[in-house]
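**Student:** test case, fold it:
(2 chains)
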Amino acid sequence: MSKVNITINGKPYEAEAGKTILEVARENNIYIPTLCYLEGVNQYGGCRLCMVEVETNGRPMRNLQAACMIKISDGMSIKTNTERVRKARKVNLELLLSCHPKDCLSCPRSLDCELQTLSRRLNVTEPRFEGEMKDLPVEISTVMTRDMSKCVNCRRCVAMCNKIQKIGVLNAQKRGFKTVIQPSFGMNIADTDCTNCGQCISVCPVGALRETDAIDPVVKAIEDPNKYTIVQVAPAVRVAIGEPFGMPSGSVATGKMVTALKALNFDEVFDVNFGADLTIMEEGTEFLQRAKAALTGGEAVLPMMTSCSPGWIKFIEHRYPELLPNLSSCKSPHMMQGALVKTYYAEKLGKDPKDIYLVSVMPCTAKKFEIARPEMNENGVPDVDAVLTTRELANMIKQAGIDFVNLPDSEFDPPMGISTGAADIFGVTGGVMEAALRTVYELVTGRELPCENLHVAPLGDSTQIKTASLTFENVLPEYKFLEGFTANVAVTSGFDGAAQVMEMVKAGKAFHFIEVMGCPGGCIVGGGQPRGVKAEKWAARKAGIYAIDEGKQLRKSHENPAIKAIYEEYLGQPCGHKSHEILHTHYTARGKYNELI
Amino acid sequence: MSDVVKNLTAEEVEKQANFEKLANVIDLYSGKEGCLIQVLHAAQEIFGYLPYEVQKFVADNMGFSVSYVSSVSSFYSFFSTTPKTKHDVKVCLGTACYVRGGSALIEKLQELLGIGVGEATADNLFSIHVTRCVGACGLAPVVVVDDDVHKQVKPGDLAGILDQYRGE
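**Tutor:** Numbering: from 1, shown residues only, chains lettered A, B, ... in the order given. Here you go, the predicted structure:
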C-alpha cells in the first residue's frame, strides 16, 4: 500500500492511501464522533456527526465532509475541531434528538446509550428543537423487544441483517419521517424467517432493540419459597461477563460469576459445560452410528450437522428444510442438561420437577426462542424455564448491588458443574467440531487426537468456511469399518457461510460432519453478549476460552467423571433408549415464509 | 397443465397468467443490476398494484429478501399495495385547490366512504387519492373521478358526485 502525507489539525501524519479520514483519525487517537458507523459493515455517511473540514490541493472544500466517507489523498489537510465543525455536529445531533423520546431516566439503555454519550460529549445542554415524535407501538416477541419510537434510523441493524447475516428481515420501510426499520408489510418479526440471532440487538446504539427481559420472572422465582432455583451458565458467558464491570475483554471471570450467582440466591449453580460434554458423547456416538451405517451398506444421512445453535436451527428450518435429516438429533447442551435436571436430578433431590425453576445464562438471544419450542419439555414440564443473556445477568448483578470485580472465586456445584476443556471451546467457532474429534478419534483408535495441543489448527481461526480431513488408521477392532476412512469436516459461522456450505452439500460436496454456529465467530460474539464487538474483542474472548481449555487437566469429554457416572447411574449408554427419550429432539420444516407450518 | 387449469376459476387463471408475464419481465432483466424499480413498475402495470404475494414473487425470483423489495416499493409513492378500485377519486391539493378548501373535501370523502387516503372501500368501488395540481386552477377546488373533472366542489356536493358512479 502506498503512503500519503496529510495533516490533521495542523499536525503531519503519514497514512495508507485508500483509508478514510475517520480511520486515520482513529488510528492516531483523534476523536471524531460517529453514530451510524460500524467499521467495515455500515459506512454510508447517514448520521452526519463525523463532519470535518477538508482542504485538498490547498483549496478548502466548500461544505463540511463526512469523515467516514472521504478517503485521504496526498496533501489533504483536515480539521476535526473547529468551531464550525463543532457547531455543525451539534446541530445535527440536536435535530436527531428533536424526535427522540427524552425518557432517558427510565430507558433500559441509560448509561449504555451511544446517543446519550454523544449528547454529553457534544455538549447538548437543552432540548433546543422540539420535533414531532414517532408514535409507534412497542413490539414484543419471545426473544426481542423493538421500540421503534426510539430508533434513530442509523441502519446498523439493517446492515447486520442484510450484509453480514444475509437474512434480510429488517429493512427501512416507507420514507422520510415515516421511515421505520421493520420487516415487510409491517409484519411482526416473530412471524418472519428471523433466526433470532440478535446481531441487530448487538449493534443498536440506542434503546430501540433489546432482548425481551426475563429478569423479573427469574427474580420472582428466586423469591418464591416453593421454587428450587437452579442456574446454569454457557461457556461463552465467563469470558465476557467481566466487560460490563470494566474488566478487559476476554478476562476469565468464571469464579467471580459463580460467586455472584450464589449471591443472587440461586439454590445451585451448574455449568452448561457439563451439558456440552454430554452433547459430545451423544453427538459423537450419533456420528459414529451414521458413519457405520453409511460404510457398511446401510442407510444413513451424511454429512451430519451440529445442532447446538438455535439460530442456526431456525435458519435451516426456514431455508433448507430438505436438509433437516442431516441435523444431529441432539438437543443443544443447555436443553440436554435441562432435561436431566427436570428428570434425573429432580428424582435425586426428591422434588417434583414442577417445583424446580431452571435458568440458563446464555450469550444468545435465540435461546429464548429455543426454550419455548413445544418439544422442549419432559411430560409437560419445560426443560428450561428462563433464559438470561450475558447482558441481562450483568444488569441483574448490578441491580443487586454486587461488587463484581472484587468478588472472591467460587466453584460450580457438582454434579453438573464438572466439565472438561472440550466443553469450554463450544463457545468459539470450530470448538464443537474440535471437541467432537478429540473424543471420536480416541474412541475409534484408542489414541489421542494427533494434533498439537489437541487443537485442530485449521478450524480455530476466523475464516468464514474452514475444512479439515482426518484419516482413521489402526482402529480398534469394534470400529473396523472405519479403517482407512477419511472424514471431511467443515466449520462455518454466520448464516452467509452456512448458506454457502449448504449449497456445497446440495451440490454433492463430500463432507461428513459440519459444525455451524449462527453468529459470525461463534457464541463468544453471540447476540446476547455485551455490545461493542470488534475483531480484537473476538480474539480476546477466544483467547480466554482457549486458556480455560488448556488450563484444565481433563480436556476430552469422555474423560469427564461426572458424565461417566450419569451414564452408569441413569442414562445407560450414549444414544441409548433413555438418551433418545430426553436428550434428543426433532425439527420443524418451516419454509422461508413459514408456508410449511 | 391443462388438467390443473380446468379446476381453476377465471380469476385464478388470470392471476397465473399475470405471474407468467411477470416472470418473463424478470427474465428480461436477469443478470443486470439495479433493475428492481423497473421490475416493480412492470409488476404494477400487470397486477394493478403490488400486494405481498407479488412482492414475494419478485423477491424470490430476483434474489432479494421481500423486506428489501418492500423497502423500495414503500419508498416511492407511485407504488401501491392496495388494489385498483373501479373508480379512483382524486382530490387536488395543488395550491389553488388547497386554498379553496381541498382538504375539507378529503375529510368529507373519508367520512362518506369510511376509508382513509390511499385505501379502498370493501366493495372495491372507490379509493381516495391526493393529487398535485391537475392544471384546472380556475375551477378550484377540483375533484377528479377516473377521467372526469368536477369543478368548484363543496363538501355537500360529494355524496351526489359519488352516487353518479355507484350505478355504473
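
**Student:** pLDDT weak spots in chain B?
**Tutor:** Chain B contains residues with pLDDT under 70 at B:1-6, B:168.

**Student:** let's see it at 50
**Tutor:** Scanning chain B with the threshold set as pLDDT under 50 gives B:1-2.

**Student:** residues of it that sit close to chain A?
**Tutor:** Residues of chain B lying near chain A by Cβ under 8 Å from any Cβ of the partner chain: B:52, B:55-56, B:60, B:64-71, B:74-75, B:81. Just so you know, the C-beta spots here come from the backbone N, C-alpha and C atoms, and that holds for glycine as well.

**Student:** of those, just say which sits nearest to chain A.
**Tutor:** The shortest gap between chain A and any of the residues of chain B next to chain A belongs to residue B:65, at 2.7 Å (Cβ to the nearest Cβ).

**Student:** I'd like to know which of the residues of chain B next to chain A are buried.
**Tutor:** B:55-56, B:64-71, B:74-75, B:81 (16 or more other Cβ atoms under 10 Å in any protein chain shown).

**Student:** so of the residues you listed, which ones are in helices?
**Tutor:** B:55-56, B:66-71 (DSSP state H).

**Student:** now the two most distant members of the residues you listed.
**Tutor:** Using Cβ to Cβ, those span at most 13.9 Å, a distance reached by B:56 and B:71.

**Student:** please tell me how far residue B:119 sits from residue B:145.
**Tutor:** From residue B:119 over to residue B:145 the distance is 16 Å, taken as Cβ to Cβ, to the nearest Å.

**Student:** residue A:50 too?
**Tutor:** Residue A:50 is 51 Å from residue B:145, by Cβ to Cβ.

**Student:** comparing the two, which residue is more hemmed in?
**Tutor:** Neighbours per residue (other Cβ atoms under 10 Å in any protein chain shown) separate residue A:50 from residue B:145, with residue A:50 holding more: 27 against 16.

**Student:** for the closest residue to the more buried one other than its chain neighbours, which residues are in contact?
**Tutor:** Excluding the flanking residues, the one nearest residue A:50 by Cβ to Cβ, 6 or more residues apart in numbering or on different chains is residue A:67, at 4.1 Å. Applying Cβ atoms under 8 Å, 6 or more residues apart in numbering or on different chains to residue A:67 gives the contacts A:20-22, A:25, A:32, A:50-52, A:78, A:80.

**Student:** now with 10 Å, please.
**Tutor:** Applying Cβ atoms under 10 Å, 6 or more residues apart in numbering or on different chains to residue A:67 gives the contacts A:20-26, A:30, A:32-34, A:37, A:45, A:49-52, A:54, A:78, A:80, A:85.

**Student:** apply the buried test to those and list what passes.
**Tutor:** Buried subset of the contacts of residue A:67 (neighbour count, 16+ other Cβ under 10 Å): A:20-26, A:30, A:32-34, A:37, A:45, A:49-52, A:54, A:78, A:80, A:85.

**Student:** restricted to strands, list the residues you listed.
**Tutor:** Of these, the ones assigned to strands by DSSP state E are A:51-52, A:54, A:78.

**Student:** how about the strands of chain B, start to end?
**Tutor:** Assigned by DSSP E, chain B shows strands spanning B:87-92, B:126-131, B:143-145, B:148-150.

**Student:** mean neighbour count, the ones you listed: which tops it?
**Tutor:** Most buried of those, by mean neighbour count (mean count of other Cβ atoms under 10 Å in any protein chain shown): strand B:87-92, with a mean of 21.
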